[in-house]
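J.: next one to model:
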Amino acid sequence: MSRDQINRLLEDITKDPSEWQRDKQAVMGRYELTPEERDALQSGDEARLRAVGVEERLSKGYRWGG
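T.: Residues are numbered from 1 along each chain as shown. So this is what the prediction gives:
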């Protein structure tokens, strides 16, 4: 798992969600993520995000999946 990468991605899109909203695949492509992490991000499901190592503070504020 690339726990640091997925948390960094969420920190980055929290600061500026506009690119994420336009092109999730391009944003995810800049980070070394596992398929499970990509799926969790796209689902936006807090439990799935936590299961792949997303910090609680980031998973609770994440609203850009799906």
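J.: helix/strand/coil for the closest residue to residue 9 other than its chain neighbours?
T.: Spatially, and ignoring its direct neighbours in sequence, residue 9 is nearest to residue 31 (4.8 Å; CB to CB, 6 or more residues apart in numbering). Using the backbone N, CA and C atoms, a C-beta is placed for each residue, glycine as well. Under DSSP: H, G, I helix; E, B strand; the rest coil, residue 31 falls in the coil class.
J.: OK, contacts around residue 31?
T.: By CB atoms under 8 Å, 6 or more residues apart in numbering, the contact list for residue 31 reads 2, 5, 6, 8, 9.
J.: gap between the host helix or strand of residue 5 and the chain center?
T.: Residue 5 belongs to helix 3-15 when assigned by DSSP states H and E. Centre-to-centre, helix 3-15 and its host chain are 6 Å apart (CA atoms, centre = their mean, to the nearest Å).
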